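Asks: what would the 3D arrangement of this be:
(one chain, ligands or ions: 1)
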Amino acid sequence: VIALGQPQRSVTTTCAYCGVGCSLKAELQGEKVIRMEPDTAGGANHGHACVKGRFAWGYATHADRITTPMIRKSIRGPWREVSWEEAIAYTASEFKRLQTQYGAESIGSITSSRCTNEETYLVQKLTRTAFGTNNVDTCARVCHSPTGYGLKQTLGESAGTQDFDSVMEADVILLIGANPTDGHPVFASRMKQRLRQGAKLIVADPRAIDLVDTPHVRAAHHLKLLPGTNVALVNALAHVIVSEGLVDEAFVAGRCEAEAFAKWKTFIADPRHAPEATEAVTGVPAKEMRAAARLYATARNGAIYYGLGVTEHSQGSTMVMGIANLAMATGNIGRPGVGVNPLRGQNNVQGSCDMGSFPHELPGYRHVSDDLTRKLFESAWGVPLSNEPGLRIPNMFDAAIAGSFKGLYVQGEDIAQSDPDTQHVTAAMEALECLVVQDLFLNETAKFAHVFLPGASFLEKDGTFTNAERRISRIRKVMRPLATYADWEVTQMLANALGYPMHYAHPSEIMDEIARLTPTFHGVSYARLDRLGSIQWPCNEAHPEGTPTMHVEEFVRGKGRFILTEYVASEERVNRRFPLLLTTGRILSQYNVGAQTRRTANTVWHPEDILELHPADAEDRGIRDGDWVGVQSRAGETVLRAKISERMQPGVVYTTFHWPGSGANVVTTENSDWATNCPEYKVTAIQVSRVEQP
Ligand code: SF4
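Replies: Sure, this is the predicted structure:
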């Protein structure tokens, strides 16, 4: 239901959904939000918003909200509503018990990209100080952790290189494994605007996404590769660039490590990387790969944008480095219109990584083994810190099942729905002695929780989010927290109850501490954010108003580093039992596990997850459009409704993951990226058959 009427006041804030990070005005009558209007002054959106953002308030006051803390002795037992004092005291006593009984390494935390920078900073601080361990990880583990790794290795900074406006100066856009129309709608509109002006588009995706062929926009090339063959494809493109003399030699000589480039050039020139040698692997005709490589390499400005179709693979990090190699080889780095641009899925993926939510990195991507960094934080936080990386999320699950990991604090994440191989995740949850879930709703993970701490939506608190272009934007309190406290206040209460003092009066004080301790944030403050509207980090003495384009004069690491990217086939392959490859993605009206969008007025447009398959695969199996189909993989099985679609290629099927119970992650496997453990959501061998309505 769309609320109408004249607003009495409005509060400028930031959308809590995708990584575009649109600035929105929440319009209110009294204490009631009646509309969300896009902010014309928004640096990321310039007055635009998509259907998700325009409906972004409904879930905040939904009847499903839990606003009273609850505890229970057993996950099979009933919940008991308790006071905040009792909930915090009980949680602290349980974590202290586990610390004493099993050691500090038996407990840990998971932060959320849906929470603010200040909140994720506090959770990792709580974990490293009061818990006494580096066992803290973020949900970015399961989406863009390969981006952080790959871009740091090659360019020196774990972030995208450009601002969104940069796309308006691109002449050729290479879009890999991303569907901005559904996942990043406002940026997609900007991209379409540029394409209508004449820029050329190359799409690399197993599925014919909307941008391949829509009114007024048609891709010059659709490289319809098979899932899991990204690295073979990027190597083939690089091979063409090297073998046809399309390398920007001046750029490479001036800006990149000579020895690493020479090794890479020899590696990539090998005939095994030629398009003709790899077309049987990728499924893309060699002449298409050659033409696409020439188009990108000869563009005045060539820009690469990519999404989870790049990262969520067993070679996710390798592919990110392959993309960076491509941009460096063609000199497409360091000015508007070019660059390597990850499209982050969630509103604060970039921020949760920046804030030190990784088990091996303190805020600002500094390794826990670095003595100088550790001393800086030890001095500021007043406790010794471990120099050993902690457990990643999948390691936490494994350790829980093995019996060495006992207690977990999860803020704002539904790991039971969002993480792969659901059976393994739920077994881990069941093995924990104390699972604390802090969330708006009793989500799938809360089914295994011993303590439920009510969370606050983005409308109920102050803070900041950092979007995919490193833009830090304020969120502002629009209404009082329904559960009394903002999430950062709850974390602070827990720290105090555990004996580690925290006394922040406002999130701005947390940001001041972040700025003091993090060189790329030295110039960030709420006062400056209010003055400028938003700031793209690095923001410091050298760049007091932020940095839209990175790596301009030199790379953050000094010289850019080419890295060899050998293609290794996924372990997940089709066979007689599982003859189809499943890949996953989003739809426009829903956001991730759907906890928020399923509880807003836009839900009705996509009331269930569906399985898209090619007409030939459907015919082989006697499946008609709308039939129920059983989906089996070696990990598990589920039932979905079929949609027959020419967007698919034969042998490849596709589903979304927005509804609990439809079970995309019941069938995804434990395979993950070799460097970061990012799950291989995008490649699962399955069988599909028609079934009766479940
Ligand atoms: Fe903008 Fe993304 Fe929110 Fe849509 S969902 S309004 S594109 S931030």
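
Asks: only C-alpha atoms from now on, for both contacts and neighbour counts.
Replies: Noted.

Asks: for Gly316, see how far away Val142 is.
Replies: Distance, Val142 to Gly316, by CA to CA, to the nearest Å: 11 Å.

Asks: ok, and what's touching the lowest-mean-pLDDT helix or strand in the chain?
Replies: When the helices and strands of the chain are compared on mean pLDDT, DSSP states H and E, helix 664-667 comes out lowest with a mean of 80. With contact meaning CA atoms under 8 Å, 6 or more residues apart in numbering, helix 664-667 is reached by 417-423, 631-638, 655-657, 684.

Asks: between Val142 and Gly316, which one's more packed in?
Replies: More crowded of Val142 and Gly316, by other CA atoms under 10 Å: Gly316, with 33 against 25.

Asks: for the more buried one, give me its contacts.
Replies: Pro146, Val310, Asp673, Trp674, Cys678.

Asks: so which of the residues you listed belong to strands?
Replies: In strands, defined here by DSSP state E, there are no members of these.

Asks: any of the residues you listed buried? List them.
Replies: Pro146, Val310, Asp673, Cys678 (16 or more other CA atoms under 10 Å).

Asks: same list (these) but as TSV, adding distance to Gly198.
Replies: Output for the buried ones among the contacts of Gly316, formatted as TSV (distance: CA to CA, whole Å):
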residue	distance to Gly198
Pro146	32
Val310	26
Asp673	37
Cys678	36
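
Asks: quick one: which of these is nearest the ligand?
Replies: Val310 (19.7 Å; CA to the nearest ligand atom).

Asks: helix, strand or coil for the residue of the stretch 551-694 of the chain found nearest the ligand?
Replies: As assessed by CA to the nearest ligand atom, the ligand sits closest to Tyr591 within the stretch 551-694 of the chain, at 7.6 Å. At Tyr591 the chain is in coil, as set by DSSP: H, G, I helix; E, B strand; the rest coil.

Asks: hang on, the earlier thing: now the element after the least confident helix or strand of the chain, going C-ward?
Replies: strand 684-691 (DSSP states H and E).

Asks: re earlier: between Val142 and Gly316, what contacts are shared?
Replies: With CA under 8 Å, 6+ apart, Val142 and Gly316 have common neighbours Cys678.

Asks: got the contact list for the nearest residue in space to His62 that is not next to it in sequence?
Replies: Ranked by CA to CA, 6 or more residues apart in numbering and with sequence neighbours excluded, the top spatial neighbour of His62 is Arg599, at 6.7 Å. Contacts for Arg599 (CA under 8 Å, 6+ apart) come out as Gly58, Tyr59, His62.

Asks: of those, grab the buried ones for PyMOL.
Replies: Filtering the contacts of Arg599 down to the buried ones (16+ other CA under 10 Å) takes a single PyMOL command:
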select buried, resi 58+59
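
Asks: in terms of secondary structure, what does the strand or helix carrying Ser473 contact?
Replies: Element membership for Ser473, per DSSP H and E: strand 471-475. Counting by 3 or more CA pairs under 8 Å, 6 or more residues apart in numbering; DSSP states H and E, the packing neighbours recorded for strand 471-475 are strand 9-14, strand 463-466, helix 526-532, strand 534-536.

Asks: out of those, flag the one nearest Gly177.
Replies: Closest of the helices and strands packed on strand 471-475 to Gly177 is strand 463-466, at 22.0 Å (criterion: CA to CA).

Asks: now do stretch 520-530: distance from first to last residue.
Replies: End-to-end distance of stretch 520-530 (CA to CA): 19 Å.

Asks: and it, which residues are buried?
Replies: Thr520, Phe521, His522, Gly523, Val524, Ser525, Tyr526, Leu529.

Asks: so who does the third one touch?
Replies: Listed by CA under 8 Å, 6+ apart, the contact partners of His522 are Ile514, Ala515, Arg516, Cys539, Asn540, Glu541.

Asks: so which of these is the closest to the ligand?
Replies: Top of the list for closeness to the ligand, among these and by CA to the nearest ligand atom, is Cys539 at 22.2 Å.

Asks: just give me the neighbour total for that closest one.
Replies: Cys539 sits with 20 neighbouring residues when counted by other CA under 10 Å.

Asks: and if you look at Gln197?
Replies: 12.

Asks: quick check: phi and psi on it?
Replies: Dihedral pair for Gln197: phi -80, psi -10, per degrees, to the nearest 10.

Asks: could I get the pLDDT score of it?
Replies: pLDDT recorded at Gln197 is 96.

Asks: distance of it from the ligand?
Replies: Distance from Gln197 to the ligand, counting by CA to the nearest ligand atom, to the nearest Å: 21 Å.

Asks: quick check: which element contains the residue of the chain found nearest the ligand?
Replies: Of all residues in the chain, the one sitting closest to the ligand is Gly53 (3.5 Å; CA to the nearest ligand atom). Taking DSSP H and E as the criterion, Gly53 maps to helix 51-54.

Asks: now do that helix, average pLDDT.
Replies: The pLDDT scores in helix 51-54 average 86.

Asks: what strands line up against the following helix or strand past that helix, and which way round?
Replies: Once helix 51-54 ends, the next helix or strand along the chain (criterion: DSSP H and E) is strand 70-71. Here strand 70-71 has these sheet partners by DSSP bridges: strand 80-81 (antiparallel), strand 451-454 (antiparallel).

Asks: check contacts around Ala26.
Replies: Residues near Ala26 by CA under 8 Å, 6+ apart: Ser10, Val11, Thr12, Thr13, Val33, Ile34, Arg35, Met36, Glu37, Val478.

Asks: between the helices and strands packed on strand 471-475, which gets nearest to Tyr296?
Replies: Of all these, strand 534-536 comes closest under CA to CA, at 27.1 Å.

Asks: is stretch 11-19 positioned near the ligand?
Replies: Yes. Using CA under 6 Å from any ligand atom, we find that stretch 11-19 touches the ligand at Cys15, Tyr17, Cys18, Gly19.

Asks: kindly report the residues of the stretch 51-200 of the chain close to the ligand.
Replies: Going by CA under 6 Å from any ligand atom, the residues of the stretch 51-200 of the chain near the ligand are Lys52, Gly53, His184, Pro185, Val186.

Asks: list the contacts for the third one?
Replies: When contacts are counted by CA under 8 Å, 6+ apart, His184 is found next to Cys18, Gly19, Val20, Leu343, Gly345.

Asks: average pLDDT across stretch 235-245?
Replies: Mean predicted confidence for stretch 235-245 is 98.

Asks: got it, and stretch 310-324?
Replies: Stretch 310-324 comes out at a mean pLDDT of 95.

Asks: likewise for stretch 261-273?
Replies: Rounded mean pLDDT across stretch 261-273 is 98.

Asks: again, but for stretch 118-134
Replies: Stretch 118-134 shows an average pLDDT of 98 in the prediction.

Asks: then stretch 69-78?
Replies: On average, stretch 69-78 scores 94.

Asks: ok, for Leu459, nearest residue in space, not its chain neighbours?
Replies: Val478 (5.0 Å).

Asks: what do you get for Gly351?
Replies: Once flanking residues are discounted, Gly351 sits nearest to Thr466: 4.8 Å by CA to CA, 6+ apart.

Asks: pull the contacting residues for that neighbour.
Replies: Applying CA under 8 Å, 6+ apart to Thr466 gives the contacts Gly21, Asn117, Asn347, Asn348, Val349, Gln350, Gly351, Ile472, Ser473.

Asks: quick check: the last one touching Ser534?
Replies: It refers to Ser473. Yes. Applying CA atoms under 8 Å, one finds Ser473 in contact with Ser534, separated by 4.8 Å.

Asks: what packs against the lengthiest helix in the chain?
Replies: Using DSSP state H, we find that the single longest helix of the chain is helix 84-102. Using 3+ CA pairs under 8 Å, 6+ apart as the contact test, the elements touching helix 84-102 are strand 107-111, strand 434-439, strand 451-454, helix 487-497.

Asks: what comes up buried for it?
Replies: Using 16+ other CA under 10 Å as the burial criterion, the residues of helix 84-102 that qualify are Trp84, Ala87, Ile88, Ala89, Tyr90, Thr91, Ala92, Glu94, Phe95, Lys96, Leu98, Gln99.
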